[in-house]
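Asker: after the sequence you'll find the predicted model.
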Amino acid sequence: MTATATNPLLQQEDLPKFASIEPSHLTPAVTELLEKLESEFTSLEDKLSSCSSADASEDLSYDKVLGEVERMQFPLGFVWGVAGHLNGVKNGDELRTAYEENQPKVVQAMTKFSQSKALYNALEQLKAKQEEVATDDFEVLQEKRAVEGSLLDQKLGGVGLEGEAKEKFNEMRMRLAELSTTFSNNVLDATKAFSLTIEDPMSVDGVPASAKAMWANAHVQHLKSEGGEDVGEMDPDKGPWRITLDMPSYIAVMSHLPDRDIREKLYKAYITRASESSEEGKNNVPIVYEILKLKQDMAKLLGFKNFAEQSLAKKMAPSVKAVEELSDLILEKALPAAEKELAEITSLAKEKGGPTYESLDKLMPWDTTFWSERLKESKFDMTEEELRPYFALPNVLDGMFGLVERIFNIEVKPADGTAEVWHPDVQFFNVYDKDTQEHIASFYLDPYSRPADKRGGAWMDVCVGKSEAVKRQIPVAYLTCNGSPPVGDTPSLMTFREVETLFHETGHGLQHMLTKAKIGDVAGINGVEWDAVELPSQFMENWCYDRPTVYGFAKHYETGEPLPEDKFQKLCDQKTFNAGMMACRQLLFGQTDMELYSNYDPDPEGPESIFDVYKRVAAKYTPYNKPIDEDRFLCQFGHIFSGGYSAGYYSYKWAEVMSADAFGAFEEVGLDNEEEVKKVGMSFRETVLALGGGVPPMEVFERFRGRQPSPEALLRHNGLA
């Protein structure tokens with residue numbers, strides 16, 4: 001029997017065989033595919049080298065170069081994509097070991113492609129041929145963009161380096177990949193290492209029933225996982241209650257637990273994860289310094305002043321200065337609003353909080369969320385808990401699918417059982433064009449938090465991309481959230497923020513799934529400049545305040561009663577609640593990221609630590625709420641140290657300017673004007689969602705909107721105009 005027949009990772013005709021994939025399959029699969037890839041690429045390089053003369057270059061075509069590269073990279077990309085996905089959603093010691101063992105080999109193989117002179121020269125020749133033809137044909141534009149993108153990737157991948165510089169660059173690239181994985185693992189380990197069991201009912205007095213049920217259930221599940229016999233039924237009212245640092249549990253504590261000492265303990269545990277106080281080998285502080293230094297050194301080898309400059313070479317933003325200018329434009333409006341918001345929260349705490357708060361000069365970070373929730377409840381006469389029964393996950397999905405059918409003319413249908421999954425909670429869906437009933441895409445949804453083996457946050461990732469070269473016509477996405485899990489017979493009752501997060505990740509998924517591009521390198525989210533990639537995701541969040549959309553899902557999970565009208569109105573009124581503070585927080589993260597990667601000298605012994613930088617940037621962007629001395633947020637800032645947002649976190653705000661303006665097109669025709677909304681929706685589908693990376697993002701936006709984006713809609717939506 002062949003290895004392909006016995007190793008599920010090598011069975012790639014269809015979707016991944018998640019039910020039978022084991023960590024032990026990874027090394028044999030990677031080893032076999034690397035050997036094949038090396039032999040195929042050597043042969044391709046020989047062919048391309050023989051095409052270097054002017055006569056022979058006539059035979060060069062897109063398919064013979066990048067089409068060929070795509071075909072040979074696909075099998076390894078499939079395996080490594082599945083391994084990376086499982087590392088995020090089903091993490092375990094055996095998988096980690098296998099992943100870490102194979103990562104250097106995979107990085108080395110990809111480095112050969114990016115540094116191949118034969119490939120680079122062939123692409124240069126192709127580019128010259130493409131420039132002779134002026135056309136707006138989408139297929140030709142895709143090929144042009146893919147060639148340009150590949151040439152830039154090769155330049156940034158060190159194709160121009162020789163000798164010692166090249167050797168050094170490759171060593172650093174390898175080390176960076178290793179550090180990125182370790183950083184992520186350390187955060188996951190620190191998150192699951194902490195728990196706190198509460199036994200005194202007074203400590204949870206006034207806490208919403210859903211939070212108490214979640215904590216009581218966590219306690220019972222923990223006892224069962226420890227092999228406890230006869231652990232009894234959970235009792236949300238009597239406890240005990242087990243609190244952890246995974247997001248649903250942590251947010252519930254910060255928002256609702258009246259015991260200030262426990263809130264402080266939890267906040268400090270959360271903000272110091274994976275830092276100096278962690279066990280040996282789990283401290284991300286030296287890792288952050290090393291990542292910053294490596295990226296700075298690699299950027300300088302490539303001829304950039306700093307890593308931020310290198311990062312922006314692949315983005316819409318023209319310079320670090322342009323990013324700062326946009327940040328400061330928003331700050332000018334957001335900061336006065338944020339200071340006013342905090343003053344109001346503080347005033348309520350002093351008035352209602354008793355002696356503890358009366359004597360405080362200012363609220364501490366573990367107070368702000370708690371009293372912000374109390375202010376929201378008093379202002380809008382509505383609690384988050386009152387809304388949750390109307391946001392049961394099955395209903396929210398039905399409503400969201402109703403929205404995309406209405407505005408994008410697609411149908412989403414459950415297809416559980418037709419694809420293997422990695423956990424029983426995972427659901428699978430097919431997407432159809434409504435007119436033709438053609439099956440055009442599919443996606444997995446992994447909706448709930450699983451702190452034992454799933455990393456925090458929410459993300460969309462590619463399972464299979466659309467590509468003519470590898471004969472994949474149906475793109476498939478992973479949508480991963482960390483929402484409130486079901487408790488007993490009660491379905492997942494979501495917070496409104498969790499609803500927005502689901503819509504956000506679905507926006508990313510739609511751009512991947514509704515692509516019309518056939519060239520793999522620019523299909524879906526591939527090849528889209530990073531500061532434009534958040535456009536569809538943030539655009540989708542706006543629909544969470546649209547009446548027909550909300551009433552498509554907001555019904556009581558037990559009675560089926562729709563959300564009362566006054567509650568919907570209050571939900572809309574709440575949209576701009578604390579918008580100033582939220583905007584300033586995002587600006588702080590974006591500008592800290594940019595400062596670390598542009599102006600900072602990452603020397604652990606230097607005059608300014610990474611945490612000093614964070615405090616310095618906070619003094620400008622959140623002066624009303626400076627980080628406490630123990631704050632080690634940077635040790636968990638996975639976006640910029642183990643994700644794709646290094647010197648790119650500003651992208652959220654950059655793209656939000658475009659997403660708010662795009663939603664403005666729907667507002668202008670009237671959200672209740674069904675026919676016009678459908679027309680604008682189809683235009684959005686045919687441009688933003690269909691063109692992918694095949695057309696530059698500014699041109700895509702202009703095709704949809706008829707002009708360049710303006711920040712006016714963003715400021716208006718945030719109540720900051």
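Answerer: Sure thing, it's come through. Numbers count the residues shown, from 1 in each chain.

Asker: so who does R175 touch?
Answerer: R175 sits next to 290, 294 when contact means CB atoms under 8 Å, 6 or more residues apart in numbering. To be clear about C-beta, it is placed using only N, CA and C from the backbone, and glycine gets the same treatment.

Asker: output the longest helix belonging to the protein.
Answerer: helix 320-352 (DSSP state H).

Asker: contact partners for P414?
Answerer: Contacts of P414 (CB under 8 Å, 6+ apart): 427-429.

Asker: where does pLDDT dip in the stretch 401-550 of the chain?
Answerer: By pLDDT under 70, the stretch 401-550 of the chain has no low-scoring segment.

Asker: strands along that one, start to end?
Answerer: 410-414, 427-433, 439-448, 459-464, 476-483 (DSSP state E, counting those that start in this stretch).

Asker: could I get the contacting residues of M581?
Answerer: Per CB under 8 Å, 6+ apart, neighbours of M581: 337-338, 341-342, 622, 625.

Asker: of those residues - the most surrounded one?
Answerer: In terms of neighbours by other CB atoms under 10 Å, the contacts of M581 top out with A338 at 26 neighbours.

Asker: ok, that residue to L329 distance?
Answerer: 15 Å (CB to CB, to the nearest Å).

Asker: packing partners of the next helix or strand after the longest helix of the chain?
Answerer: Using DSSP states H and E, the next helix or strand after helix 320-352 towards the C-terminus is helix 355-358. Secondary-structure packing of helix 355-358 (3 or more CB pairs under 8 Å, 6 or more residues apart in numbering; DSSP states H and E): helix 320-352.

Asker: low-confidence bits of the protein, can you list those?
Answerer: 1-5, 52-57, 228.

Asker: contacting residues around the spatially most central residue of it?
Answerer: Most central in the chain under CA atoms, centre = their mean is W459, positioned 3.8 Å from the mean C-alpha point. Counting by CB under 8 Å, 6+ apart, W459 makes contact with 88, 478, 480, 505.

Asker: what's the closest of the residues you listed to A662?
Answerer: E505 (17.7 Å; CB to CB).

Asker: the closest one: neighbour count?
Answerer: 23.

Asker: thought it was touching M460?
Answerer: Yes: E505 is within contact range of M460, at 4.8 Å (criterion: CB atoms under 8 Å).

Asker: what is in contact with those two at once?
Answerer: 479-480, 537.

Asker: can you add neighbour count and distance to V617 and give those residues back as a markdown table?
Answerer: Listed next are those as a markdown table, based on neighbours: other CB atoms under 10 Å; distance: CB to CB, whole Å:
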| residue | neighbour count | distance to V617 |
| --- | --- | --- |
| L479 | 22 | 32 |
| T480 | 21 | 30 |
| S537 | 25 | 25 |
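
Asker: need those in CSV (columns: distance to Q142).
Answerer: Converted to CSV, the shared contacts of E505 and M460 look like this (distance: CB to CB, whole Å):
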residue, distance to Q142
L479, 25
T480, 28
S537, 23
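
Asker: returning to that earlier point: can you add distance to L123 and neighbour count and give the contacts of P414 back as a markdown table?
Answerer: Shown next, in a markdown table, are the contacts of P414 (distance: CB to CB, whole Å; neighbours: other CB atoms under 10 Å):
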| residue | distance to L123 | neighbour count |
| --- | --- | --- |
| Q427 | 41 | 18 |
| F428 | 38 | 18 |
| F429 | 38 | 21 |
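
Asker: of these, just say which sits nearest to Y557.
Answerer: Nearest member of the contacts of P414 to Y557, counting by CB to CB, is Q427, at 17.3 Å.

Asker: tell me the bridge partners for the residue lying closest to that closest one once chain neighbours are set aside.
Answerer: Using CB to CB, 6 or more residues apart in numbering and skipping residues adjacent in sequence, the residue nearest Q427 is L445, 4.7 Å away. L445 forms beta bridges with Q427, L479, as assigned by DSSP bridges.

Asker: dump the residue contacts of A618.
Answerer: 588, 592, 625-627.

Asker: so which of these would you say is closest to V617?
Answerer: T592 (4.6 Å).

Asker: distance of the residue nearest to the closest one when sequence neighbours are not counted from K64?
Answerer: In space, and not counting its chain neighbours, T592 is closest to V617: 4.6 Å by CB to CB, 6+ apart. Distance of V617 to K64, computed by CB to CB: 49 Å.

Asker: one step back: got a list of what the residue nearest to T592 touches?
Answerer: 588, 591-592, 595.

Asker: remind me which helix or strand it belongs to.
Answerer: Counting by DSSP H and E, V617 is part of helix 610-621.

Asker: and that helix, how far out from the chain middle?
Answerer: In terms of CA atoms, centre = their mean, to the nearest Å, the centre of helix 610-621 is found 24 Å from the chain centre.

Asker: can you list the buried residues in that helix?
Answerer: 610-611, 613-615, 617-618, 621 (16 or more other CB atoms under 10 Å).

Asker: could I get those as a markdown table with distance to V470?
Answerer: Converted to a markdown table, the buried residues of helix 610-621 look like this (distance: CB to CB, whole Å):
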| residue | distance to V470 |
| --- | --- |
| I610 | 42 |
| F611 | 46 |
| V613 | 44 |
| Y614 | 44 |
| K615 | 49 |
| V617 | 44 |
| A618 | 47 |
| Y621 | 45 |
